[in-house]
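Student: Test case, fold it:
(one chain, ligands or ions: 1)
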Amino acid sequence: MRGTVLVVEDETKLRELVRSFLEREGLSVLTTGSGAEALSLEEKVAPDVVVLDLGLPDVPGNVVARELRRRSDVLLLMLTARASEEDRVLGLELGADDYLTKPFSPRELVLRVQAMLRRGRSAEDPPGPASYGGGRLVVDDVRHEVRCDGELVRLSPTEWSILETLARTPGRVYSRYELVNSARGYEWEGYERVVDSHVKNLRHKLGDDGREPRIIETVVGVGYRLGLSLDR
Ligand code: CA
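Tutor: Modelled structure (predicted):
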């Protein structure tokens, strides 16, 4: 089974042990001992699973988890120090998909990660890649991949979410409020300009440089819409 796992654990020995067990199963592994670095790595790499220790020296694991949940649908496996009911509830409240109590066997962790990858991929039974504008844009929900004129385009989770939302109903106008909500699940001050800047980056990455039809159209006073129609 393929997949990328980000392991966030400040205890070096444990981190490297987990890494070697996951790599042995053919998974790609990135590691960090810092909560802050975990957040930036997650955005850059868009892993399939984050294994997150609750006890981190800089940004606490619960803060990292909340932020991840807010902006991405990455699978989250939480590591907690105690088996108490409180910790279990905390983990689930934070949006963890699964949790393991220390000490755990690395083999058990590998099995949990593999089970998460399997569940995550079969859960929604998505229709597969959707193609727009005669193949100019292809959005693949399963692989979380976007191709533009055949070229793979790497998007941040927020950019992905905005594009995926627009592509749900080509031609329908989505307000900035709807776009920010689908990306983060909440609204923050100044979000309109933030959405505009994400859309600007998206257009740049997609090579949406003014040739008609535009991939993402601005609808003045309302929001944005996908300018390409779905290929049949
Ligand atoms: Ca720790």
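
Student: what's the helix or strand for the residue in the chain that the ion sits nearest to?
Tutor: Evaluated by Cβ to the ion, the chain has residue 55 as its residue closest to the ion, separated by 3.7 Å. The way it works is simple: take the backbone N, C-alpha and C, and place the C-beta from them, glycine included. Secondary-structure assignment from DSSP states H and E places residue 55 in no helical or strand segment.

Student: List phi and psi for it.
Tutor: Here is the backbone geometry of residue 55 (degrees, to the nearest 10): phi -100, psi 100.

Student: list the contacts for it?
Tutor: With contact taken as Cβ atoms under 8 Å, 6 or more residues apart in numbering, residue 55 is in contact with 10, 61, 81.

Student: Same question for residue 46.
Tutor: Taking Cβ under 8 Å, 6+ apart as the definition of contact, the neighbours of residue 46 are 4, 72, 74, 144, 156-157, 160.

Student: Weed out the non-buried ones from those residues.
Tutor: Taking 16 or more other Cβ atoms under 10 Å as the criterion, what is buried in the contacts of residue 46 is 4, 72, 74, 156-157, 160.

Student: From the opening residue of stretch 167-181 to its closing one, how far?
Tutor: The stretch stretch 167-181 measures 16 Å between its terminal residues, going by Cα to Cα, to the nearest Å.

Student: how about it: buried residues?
Tutor: For stretch 167-181, the buried set under the neighbour-count rule, 16+ other Cβ under 10 Å, comprises 167, 170, 174, 176, 178-181.

Student: cool, and stretch 207-220?
Tutor: For stretch 207-220, the buried set under the neighbour-count rule, 16+ other Cβ under 10 Å, comprises 208, 214-217.

Student: Tell me how this protein divides into domains.
Tutor: Listed domain ranges for the chain are 4-121, 130-226 (source: automatic domain parsing).

Student: The spatially most central residue of the chain and residue 81, how far apart?
Tutor: With distances taken as Cα atoms, centre = their mean, the chain has residue 72 as the residue nearest its mean C-alpha position (3.8 Å). Remark: distance between residue 72 and residue 81 (Cβ to Cβ, to the nearest Å) = 25 Å.

Student: Tell me the helix or strand right after the helix or strand of the chain with the lowest mean pLDDT.
Tutor: Across the helices and strands of the chain, mean pLDDT, DSSP states H and E gives its lowest value to helix 85-93, namely a mean of 64. The helix or strand immediately downstream of helix 85-93 is strand 98-101, counting by DSSP H and E.

Student: for that following strand, packing partners?
Tutor: For strand 98-101, the elements it packs on are strand 75-80, helix 85-93, helix 106-122, judged by 3 or more Cβ pairs under 8 Å, 6 or more residues apart in numbering; DSSP states H and E.

Student: chain center to it: distance?
Tutor: Using Cα atoms, centre = their mean, to the nearest Å, we find the averaged C-alpha position of strand 98-101 to lie 20 Å away from the chain's own average C-alpha position.

Student: Adjacent strands (with direction) for it?
Tutor: Listed by DSSP bridges, the sheet partners of strand 98-101 and their directions read strand 75-80 (parallel).

Student: The strand it pairs with to helix 106-122, inter-axis angle?
Tutor: Using axes from the mean of the first three to the mean of the last three Cα atoms, to 10 degrees, the direction of strand 75-80 lies 150 degrees away from that of helix 106-122.

Student: Mind checking the pLDDT average for strand 75-80?
Tutor: Averaging pLDDT along strand 75-80 yields 89.

Student: anything in it near the ion?
Tutor: No. Counting by Cβ under 5 Å from the ion, the ion is not contacted by strand 75-80; separation bottoms out at 7.7 Å.

Student: Cheers, nothing more for now.
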